[in-house]
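Asker: Mind looking at a prediction? Sequence and model below.
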Amino acid sequence: MAIFFDDPVQVLTQRFEAAIRAAFPAVSGAVEALISPSRQPQFGDFQCNAAMSLAKVVGGKPRDVASAIVAKVDLSDIAEPLSEKSIAGPGFINIVLRGDALASGVVGMDAGTGLAALGVVPASKVETVVVDLCGVNLAKQMHVGHLRSTVIPDAIARVLERLGHKVIRQSHLGDWGLPIAMVTGKLMEELNAGRIKPEALTLDRLEVMYREAQAECERDMKGMEAVRRYGLGPKAEAELEAQVSWATENFTRAKGVLLKLQSHDKATVAVWQLIYDITMRACIETVTRLHANVTLEHTAGESTYSEELAPLVRDLLDRKVAEVDQGAVVVRVPGLEVPCLIRKSDGGFLYATTDMAAIRRRVQKLGASRVIYGVDIRQSLHFQQAFGAAIKAGYARLPDGSDAKLEHAAFGTVLGNDGRPFKTRSGDNVKLWDLLDEAVNRARAAVNERSSGFSEEERGKIAEAVGIAAIKYVDLSSERSKDYVFDFDRMLAFEGNTGPYLLYALVRTRSIFRKAAEEKLDGGWRDAAIVIKEPAEKALALTLLRYGKVLESVAQSTEPHRLCVYLFELATAFSAFFDQCKVLFAPDEATRRSRLRLCDITGRVLADGLGTLGIPTVERM
RNA sequence: GUGCCCGUAGCUCAAUUGGAUAGAGCGCUGCCCUCCGAAGGCAGAGGUUGCAGGUUCGACUCCUGCCGGGCACGCCA
């Protein structure tokens, strides 16, 4: 009888490490068994790759080392007997698990509950992790870029939570500074002049005003220079001078508004608050539709740091962490050519200043030992500077004297079919809401075509879930630091490696139980013994058993696409199993119950995995 | 000019952080629904991993130099 175990990798690691110690007692220090699932079935189920590196240490031939390990390792209760034939190539040891051992592993996935469900091993050291995500700006719609900055870090946060870590989401809202003051000033004028009623104000209108306000402060210095250099005449010069002085006037007024905001002037703050409320209402609506866990409580805008900036710079100057350079205040970061600029020569602060304050708050007040930034890769230099400066300043210092891990989970750009950043034909950013609409509309067409027997309302719900799943899966499924080409046709083809394919596999794991109930064949499977005989059953079991390790790898690497790849492989293994192994019409009662239980566990891993990615699921489609 | 990232099948992407004969999907060629959901499964064709060296028992992965593309580079955020 096979022993009871959850994770073959863990059991094999223990057995092989013991064998290595026994075979080579002279080897000091840690030994690594280097157990991994085999890539191809012909090389067995798992392999031990320790012999090659060990040969160097003990000074023998790798294959002899492998023989020595094989002679010492005891796998009789869980694997086919090892022999010289198990040693292949330069010294790989191939391991074929026994069906009953595999079965007990799958049954083991059902033993845990809560965080320990489905073979997941909760983190032994619970970390407090701040995940920076979303990053929207006041008076601006969410656009394609925010798809990534919301979906990717939310998935990372969910994986960490799934492993039992304490996660604090923080949306670093762009709600402060001169641009915000500009639009605040402009809105005040419009309101005072009675041209806009507060209750009729929309985010679209605000965004237009934002752009106008910025344009009105834009001084055409290049034009001015050109006019002077080429002597284009007094008329052109006069026109430009008028433009520049007008823009300067607007600029000065905006600075005045910023000062009023900073001094908490009631009327000004009230208008700012109006912009804030309208923006956040729209933002939360979009994020909710995206099935991302981002709420108002997660919002920590730049404005909340504004009072801390001046003292922070003073602190750094006092402690000689920062220095004055050409009138500005900079922190020189070891290993970086360009210093981190934290105060302009006019006394204003920069976003690096705010980010340093944010790191300080996140580590010192929120207690994070790890801070993960889900932000565009183009800001990587900025984060190198900010992280380096914060560490130099001691702001990331933990009670035990080490520094918190500061990580930039950088993502690439969403491109259009032309290979350029995804924009509308007129060159504007695509509104995230419109993008979701388009995905859902296309999903609806597919649902109408393929799904029958659903009410209008049900079809709507399915289309919504399928569309959102498709769009999120595309964003999560390729390596995050790379750019990817956004293509509705491919994404909603619903074939191959897509969100809908995964939903389809999940739905099939569920529908078998509806069918079983109809046929009165749904009894006795819940505690049934699992029997692994067919190749498709074995492949499915081996895939199921990898789940916990995959989550750990995502938590460590902050790369959600690994979970996507895994779920696709699981869905594929299930589809093959479902095709090749009759469940309800299995040859005997025991096999039917075993296979029903396999369907159930597969369905729950798929649902758990999709949920951990933040992808919505359906029961039927 | 300096720095960072990328280059894998016709196209879009993987490759268990250095492991075996580089895998999927789309597209292409064939099969498989009187049979649990064909948004599925099975099989086939398709590769000098940009190029040239180096380290290693072993390199898509690490190092050096080129070629090609992208991005970022102190007073915007």
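Answerer: Alright, I've got the coordinates.
Asker: Now for the residue nearest to A:Ile377 when sequence neighbours are not counted: which residues touch it?
Answerer: Leaving aside its chain neighbours, A:Ile377 sits nearest to A:Ala410 (3.8 Å; criterion: C-beta to C-beta, 6 or more residues apart in numbering). Placement of C-beta: from N, CA and C, glycine included. Applying C-beta atoms under 8 Å, 6 or more residues apart in numbering, one finds that A:Ala410 lies in contact with A:375-377, A:379-380, A:480-481.
Asker: Mind telling me the two of those residues farthest from one another?
Answerer: A:Gln379 and A:Arg480 (14.0 Å; C-beta to C-beta).
Asker: Compare those two and say which is more crowded by neighbours.
Answerer: Neighbours were counted for A:Gln379 and for A:Arg480 using other C-beta atoms under 10 Å; A:Arg480 has more, 25 against 16.
Asker: For that one, give me phi and psi.
Answerer: When read as degrees, to the nearest 10, the backbone of A:Arg480 gives phi -70, psi -30.
Asker: doesn't A:Ile196 make contact with A:Arg205?
Answerer: Yes: with contact defined as C-beta atoms under 8 Å, A:Arg205 counts as touching A:Ile196 (7.4 Å).
Asker: how close does the closest residue to A:Pro334 other than its chain neighbours sit to RNA strand B?
Answerer: Computed as C-beta to C-beta, 6+ apart, the closest residue to A:Pro334 that is not its neighbour in sequence is A:Gly388, at 6.9 Å. Distance, A:Gly388 to RNA strand B, by C-beta to the nearest atom of the strand, to the nearest Å: 13 Å.
Asker: Which pLDDT value belongs to A:Gly388?
Answerer: What the model reports for A:Gly388 is a pLDDT of 96.
Asker: and what of the one 5 residues further on?
Answerer: According to the predicted model, the pLDDT of A:Ala393 comes to 97.
Asker: Just list the residues touching it, thanks.
Answerer: A:315-316, A:319, A:321, A:331, A:356, A:360.
Asker: Name the member of these with the most neighbours.
Answerer: A:Met356 (31 neighbours).
Asker: element containing that one, please.
Answerer: If you go by DSSP states H and E, A:Met356 is part of helix A:351-360.
Asker: now do A:Arg229
Answerer: Here A:Arg229 is assigned to helix A:221-230, by DSSP H and E.
Asker: what's the average pLDDT for the helix or strand that that helix is followed by?
Answerer: Per DSSP H and E, the first helix or strand lying C-terminal to helix A:221-230 is helix A:234-262. Averaged over helix A:234-262, pLDDT sits at 86.
Asker: any idea of the angle the next helix or strand after helix A:234-262 forms with helix A:234-262?
Answerer: The helix or strand immediately downstream of helix A:234-262 is helix A:266-289, counting by DSSP H and E. Counting by axes from the mean of the first three to the mean of the last three C-alpha atoms, to 10 degrees, helix A:266-289 lies at 90 degrees to helix A:234-262.
Asker: so how far is helix A:266-289 off the chain centroid?
Answerer: Counting by C-alpha atoms, centre = their mean, to the nearest Å, helix A:266-289 is centred 25 Å from the centre of its parent chain.
Asker: Counting by contacts, list what it packs against.
Answerer: The contact analysis (3 or more C-beta pairs under 8 Å, 6 or more residues apart in numbering; DSSP states H and E) places helix A:266-289 against helix A:178-192, helix A:203-216, helix A:234-262, helix A:432-450.
Asker: out of those helices, which comes closest to RNA strand B?
Answerer: helix A:432-450 (4.5 Å; C-beta to the nearest atom of the strand).
Asker: After that closest one, which helix or strand is next?
Answerer: Next along from helix A:432-450, by DSSP H and E: helix A:456-477.
Asker: Any chance of the backbone angles for the residue lying closest to A:Ile359 once chain neighbours are set aside?
Answerer: Of all residues not flanking A:Ile359 in the chain, A:Ala390 sits nearest, at 4.1 Å (C-beta to C-beta, 6+ apart). Torsion angles at A:Ala390 (phi, psi; degrees, to the nearest 10) stand at phi -70, psi -40.
Asker: and the gap between A:Ala390 and A:Ala352?
Answerer: 9 Å (C-beta to C-beta, to the nearest Å).
Asker: Give me the more crowded residue out of those two.
Answerer: More neighbours surround A:Ala390 than the other of A:Ala390 and A:Ala352, with 28 against 21 (other C-beta under 10 Å).
Asker: Quote the end-to-end distance of stretch A:260-273.
Answerer: 14 Å (C-alpha to C-alpha, to the nearest Å).
Asker: in it, what counts as buried?
Answerer: Across stretch A:260-273, burial judged by 16 or more other C-beta atoms under 10 Å covers A:260-261, A:268-269, A:271-272.
Asker: repeat for stretch A:169-180
Answerer: Under 16+ other C-beta under 10 Å, the buried positions of stretch A:169-180 are A:169-177, A:179-180.
Asker: Name the spans of the stretch 1-150 of chain A whose pLDDT lies under the cut-off.
Answerer: A:1-6 (pLDDT under 70).
Asker: hmm, back to that, so how far is A:Ala390 from the residue nearest to A:Ile377?
Answerer: 17 Å.
Asker: any idea how chain A splits into domains?
Answerer: When chain A is parsed with automatic domain parsing, its domains come out as A:8-97, A:177-263.
Asker: Format the ones you listed as TSV; extra columns: distance to RNA strand B.
Answerer: Formatted as TSV, those follow (distance: least, C-beta to the nearest atom of the strand, whole Å):
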stretch	distance to RNA strand B
domain A:8-97	3
domain A:177-263	4
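Asker: ranking those domains by burial, who's on top?
Answerer: domain A:8-97 (a mean of 17; mean count of other C-beta atoms under 10 Å).
Asker: For the strand or helix carrying the residue nearest to A:Pro334, buried residues please.
Answerer: Using DSSP H and E, the element containing A:Gly388 is helix A:380-393. For helix A:380-393, burial by neighbour count (16+ other C-beta under 10 Å) applies to A:382-393.
Asker: Next, the buried residues of the helix or strand that A:Leu102 is a member of.
Answerer: Per DSSP H and E, A:Leu102 falls inside helix A:99-108. Within helix A:99-108, the residues scored as buried using 16+ other C-beta under 10 Å are A:99-108.
Asker: ok, back up a step: quick check, nearest of the buried residues of helix A:380-393 to RNA strand B?
Answerer: Nearest to RNA strand B among the buried residues of helix A:380-393 is A:His382, at 5.5 Å by C-beta to the nearest atom of the strand.
Asker: Grab the nearest non-local neighbour of that closest one.
Answerer: A:Ala352 (6.7 Å).
Asker: Tell me the spacing between the residue nearest to A:Pro334 and A:Asp318.
Answerer: Taking C-beta to C-beta, one finds A:Gly388 at 20 Å from A:Asp318.
Asker: Equivalent analysis for A:Ser86, please.
Answerer: 67 Å.
Asker: And for A:Gly194?
Answerer: According to C-beta to C-beta, A:Gly194 and A:Asp318 sit 50 Å apart.
Asker: what ranges do the helices span in the stretch 51-200 of chain A?
Answerer: With helices called from DSSP state H, counting those that start in this stretch, the stretch 51-200 of chain A shows them at A:62-72, A:99-108, A:144-162, A:178-192.
Asker: and those helices as CSV, adding distance to A:Asn497?
Answerer: CSV is the format used below for those (distance: least, C-beta to C-beta, whole Å):
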stretch, distance to A:Asn497
helix A:62-72, 37
helix A:99-108, 25
helix A:144-162, 17
helix A:178-192, 40
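Asker: of all those helices, which lies closest to A:Glu458?
Answerer: helix A:144-162 (25.8 Å).
Asker: ok, that closest one near RNA strand B or not?
Answerer: No: counting by C-beta under 7 Å from any atom of the strand, RNA strand B is not contacted by helix A:144-162; separation bottoms out at 11.5 Å.
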